[in-house]
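The following comprises the amino acid sequence and a computationally predicted model.
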Amino acid sequence: MNFLLGHFKLVFIFAALKNLKERRLRTMLIIPVKEGENIDRALKRYKRKFVKTTVKNQLQERKQFTKPSIARRTQIQKAQYVQGLRDQEVV
């Protein structure tokens, strides 16, 4: 995290690397803080943005390796579950 304290302005910057095939992309979360805004409120906005951008999920996925066959199987199971819910709505 990078804290820039100038005239009571604060900016949170979080950088995470994403591997997309052979190239690397750098994604950053930038939360500008208004003058006189409470730091707790800014941290809350930062956490909310962190969760919404799914950076946390990407970091957790990189901790463990899942075989491609298992990843496909879970994706098919999720699709079957969603389709089952949609079929129940129609009836």
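Received the coordinates, thanks. Residues are numbered from 1 along each chain as shown.

who's the residue nearest to Lys49 when sequence neighbours are not counted bridged to?
Closest residue to Lys49 apart from its sequence neighbours, by C-beta to C-beta, 6 or more residues apart in numbering: Leu29 at 5.5 Å. (Glycine included, C-beta is placed from N, CA and C.) Here Leu29 sits in beta bridges with Phe14, going by DSSP bridges.

quick one: Leu29 and Arg48 touch, right?
No: using C-beta atoms under 8 Å, Leu29 is not in contact with Arg48; the gap is 10.4 Å.

how close does the residue nearest to Lys49 get to Pro68?
Distance from Leu29 to Pro68, counting by C-beta to C-beta, to the nearest Å: 30 Å.

count of residues packed around the residue nearest to Lys49?
Leu29 has 17 neighbouring residues, counting by other C-beta atoms under 10 Å.

Equivalent analysis for Pro68, please.
By the criterion of other C-beta under 10 Å, Pro68 has 8 neighbours.

Kindly provide the distance from it to Thr74.
Here Pro68 is placed at a distance of 11 Å from Thr74 (C-beta to C-beta).

same question, Asp87
Asp87 is 20 Å from Thr74, where distance means C-beta to C-beta.

Output the lengthiest helix in the chain as CSV, nothing but the C-alphas.
Once the chain is assigned using DSSP state H, the helix that runs over the most residues is helix 68-90. Written as CSV, here are the backbone C-alpha positions of helix 68-90 (Å, rounded to 0.1, in the frame of the first residue of the first chain):
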residue,chain,number,x,y,z
PRO,A,68,-8.1,-28.7,-16.0
SER,A,69,-10.4,-31.7,-15.9
ILE,A,70,-11.6,-30.8,-12.4
ALA,A,71,-12.1,-27.2,-13.4
ARG,A,72,-14.2,-28.3,-16.4
ARG,A,73,-16.2,-30.6,-14.2
THR,A,74,-17.0,-27.9,-11.6
GLN,A,75,-17.9,-25.5,-14.4
ILE,A,76,-20.4,-28.1,-15.9
GLN,A,77,-21.9,-28.8,-12.5
LYS,A,78,-22.5,-25.0,-11.9
ALA,A,79,-24.1,-24.8,-15.3
GLN,A,80,-26.4,-27.7,-14.5
TYR,A,81,-27.3,-26.2,-11.2
VAL,A,82,-28.2,-22.8,-12.8
GLN,A,83,-30.1,-24.5,-15.6
GLY,A,84,-32.1,-26.5,-13.0
LEU,A,85,-33.0,-23.3,-11.2
ARG,A,86,-34.2,-21.7,-14.4
ASP,A,87,-36.3,-24.8,-15.3
GLN,A,88,-38.0,-24.5,-11.8
GLU,A,89,-38.8,-20.9,-12.5
VAL,A,90,-40.6,-21.7,-15.8
